[in-house]
Every structure is written in C-alpha cells, then in structure tokens.
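1. coords below, sequence missing:
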C-alpha cells in the first residue's frame, strides 16, 4: 500500500528511466513514464490502481516482463510517482488517451494493456477508444462501475484525506486493501509499516484518483472489446469483490477468467501466482 517514486529503481534487461511527456493541457500534467525492455520487444502498457503507483503495483512484475522479451511502458497517473498533481478532476477518457500517447511516444505501435483495479477501467476505455492499437487485455481486481460498497470506501478515503488524518487513512487502506488472512499473519513490525501515518507516503493525487473511481463507467464499452482478454478475480478482496471481475468476464466476448486467493493487492499477497497468470496468458496468445 505504501507508494514511493518509481522509475529508476525498477531493474530491467534494458535501460529504464523516467521520461516526462509533453503536457496535454494545463490541468492534465505530463506523465512520468517507466520504459523497460528491448526496443523491439512485444508491447505492454501498464495501468496502475487508484492511490497506487507504477512502483507499488508493478515494481516486481516489470523486470519479469522485460526479461521475457517485452517492451514495457508504465506511466504514473497525475499525482503518483514523479508525475505532478492534476489541477482539475481526472476523467477516464483523458487518462486512457494519455497512457496510449505514452506508449506511442515510447515506440509502441500496438500493445497489450495490463490493468489493475482502477487501471482495468482505464485499460478497457483505452481499448474502446483506440482499438487499432490494443492487442490484448489483462484485467486484475477490476470493476466496470463502482457500486454502493466501493463508493462508500472512496467517500471514506476522501473524507480522511480532506481532514489530513493520515493515520486513519492508512488504517482504511489496510482494511480495504488486504485480506483478513494476510493482515492477521503480519508481524507487529510489518503491521506497523503498513499503518505508517507518514503523510508523504500516499500519492499526492490520491484524492483525484479516488474521486475518479466513483465516477467511472465502462459498462457500455465491454461488449465491443474484440481482443484476447484475461480477467483475474481477487477472491478475498474486501474492496472490489470478485463479483465485479465476473461481471467483466461475462460481458467481454470470449474473456478468460481466473481467480487468485488474495485481497485487493495480488502483487503483495500472491506475487508468484499473479506473475504466473499474467505470463501464461501472454504466452498462450503470443502477446
């Protein structure tokens, strides 16, 4: 759950570093983007979750994907990593378009999108708006639209951020992000790290990103998806229950469905299984 600046600390088989894109507008800042892997590798574009970052969501996966012959492009959203905070509310269209622009700027003509949490909606919208670019989708712990349960969590996060109550915000993210089994298995020292109230730990753009979760809706996009898709449900997820993943899989034509017994953060609770699912799908479809 803790997020720090990414980019140069993520190892890869080819030079990795932050690249700042040209600002699309005054309200939507230039994105800091991690690029890894050989320039001629098969393209992958990563979309992280709300209140997350490239490092926290994909830090361990990027070098694995780069080593398997992929060219990986991973932008940080406004207010995450080294990307400046937005000065206006985020929109799903603008975020999807900005990520696609980063992939193109990094030399990818086509690519598979890997989305986590809110990043699944970003990925679906990118596929709907840029079908000529997108060759596949991996959607983990995702949603098409927030229900009352998720909206209440986002409202709580936003209220705590507005009050500057970072101790309670860390507690709320821990309870919503991790499974009970994982939390109960943590040592006192590890639990203390998870609950660190340091206000510099949550991404600066957490409020704008949480607000977007409340507003996004990709339900109309799903039937039009025409690329190989893997939907991964996190079955112990207290934030985005697996019913949301089943909804995605049922409405995307031909989608594959898999489950992983973790809370909302499979890269933390089950990193090996998470990597196996992603790599296996990419290999099966030669993506």
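-> Nice, thanks for sending it over. Model, not experiment: these values are computed from the prediction.

2. which residues of the protein fall in strands?
-> For the chain, the strands defined by DSSP state E cover 17-20, 32-36, 42-47, 70-75, 111-116, 134-140, 229-234, 256-260.

3. Just give me the neighbour total for the nearest residue to residue 164 once chain neighbours are set aside.
-> In this structure, residue 164 finds its nearest non-sequential neighbour in residue 199, 7.2 Å apart by C-beta to C-beta, 6 or more residues apart in numbering. C-beta coordinates here come from the backbone N, C-alpha and C atoms, glycine included. For residue 199, the count of nearby residues is 14 (other C-beta atoms under 10 Å).

4. do residue 30 as well
-> By other C-beta under 10 Å, 18 other residues sit near residue 30.

5. The residue nearest to residue 164 and residue 173: what is the separation?
-> 13 Å (C-beta to C-beta, to the nearest Å).

6. and what of residue 45?
-> Counting by C-beta to C-beta, the gap from residue 45 to residue 173 is 26 Å.

7. more neighbours, these two?
-> residue 45 (28 against 25).

8. List the contacts of that one.
-> 73-74, 99-100, 102-103, 108, 111-114, 126 (C-beta atoms under 8 Å, 6 or more residues apart in numbering).

9. Run through the bridge partners of it.
-> Under the criterion DSSP bridges, residue 45 forms beta bridges with residue 73, residue 113.

10. Find the residue ranges of the stretch 1-150 of the chain scoring beneath the pLDDT cut-off.
-> By pLDDT under 70, the weakly predicted segments of the stretch 1-150 of the chain are 1-26.

11. again, only this time at 50
-> Counting by pLDDT under 50, the ranges of the stretch 1-150 of the chain that qualify are 1-23.

12. That one: helices as residue ranges?
-> Under the criterion DSSP state H, counting those that start in this stretch, the stretch 1-150 of the chain contains helices at 54-58, 61-67, 92-105, 118-129, 148-163.

13. Tell me which of those helices sits nearest to residue 270.
-> The minimum distance between residue 270 and the helices of the stretch 1-150 of the chain falls on helix 61-67, with 12.2 Å, by C-beta to C-beta.

14. spatially speaking, which residue is in the middle of the protein?
-> The chain has residue 48 as the residue nearest its centroid, 1.9 Å off, counting by C-alpha atoms, centre = their mean.

15. Setting the sequence-adjacent residues aside, check what's closest to it.
-> residue 57 (4.2 Å).

16. any idea how far that neighbour is from residue 264?
-> 11 Å.

17. which residues are common contacts for the two?
-> Counting by C-beta under 8 Å, 6+ apart, the common neighbours of residue 57 and residue 264 are residue 117.

18. Who has more neighbours out of these two?
-> Using other C-beta under 10 Å, the more surrounded residue of residue 57 and residue 264 is residue 57, with 28 against 24.

19. before we move on, back to that, in CSV: the helices of the stretch 1-150 of the chain, plus distance to residue 84.
-> Formatted as CSV, the helices of the stretch 1-150 of the chain follow (distance: least, C-beta to C-beta, whole Å):
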stretch, distance to residue 84
helix 54-58, 15
helix 61-67, 22
helix 92-105, 13
helix 118-129, 18
helix 148-163, 18
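
20. Now for the closest residue to residue 194 other than its chain neighbours, how many residues are close by?
-> Distance criterion C-beta to C-beta, 6+ apart; nearest residue to residue 194, sequence neighbours excluded, is residue 174 at 5.1 Å. Counted with other C-beta under 10 Å, residues neighbouring residue 174 total 17.

21. what's the answer for residue 255, then?
-> Quick note: residue 255 (other C-beta under 10 Å) scores 19 neighbours.

22. Please apply the same query to residue 188.
-> As a burial measure, residue 188 scores 7 neighbours (other C-beta under 10 Å).

23. repeat for residue 224
-> Using other C-beta under 10 Å, the number of residues around residue 224 comes to 12.

24. who are the neighbours in contact with it?
-> residue 128.

25. How far does stretch 91-110 sit from its chain's centre?
-> On the basis of C-alpha atoms, centre = their mean, to the nearest Å, stretch 91-110 sits 14 Å off its chain's mean C-alpha point.
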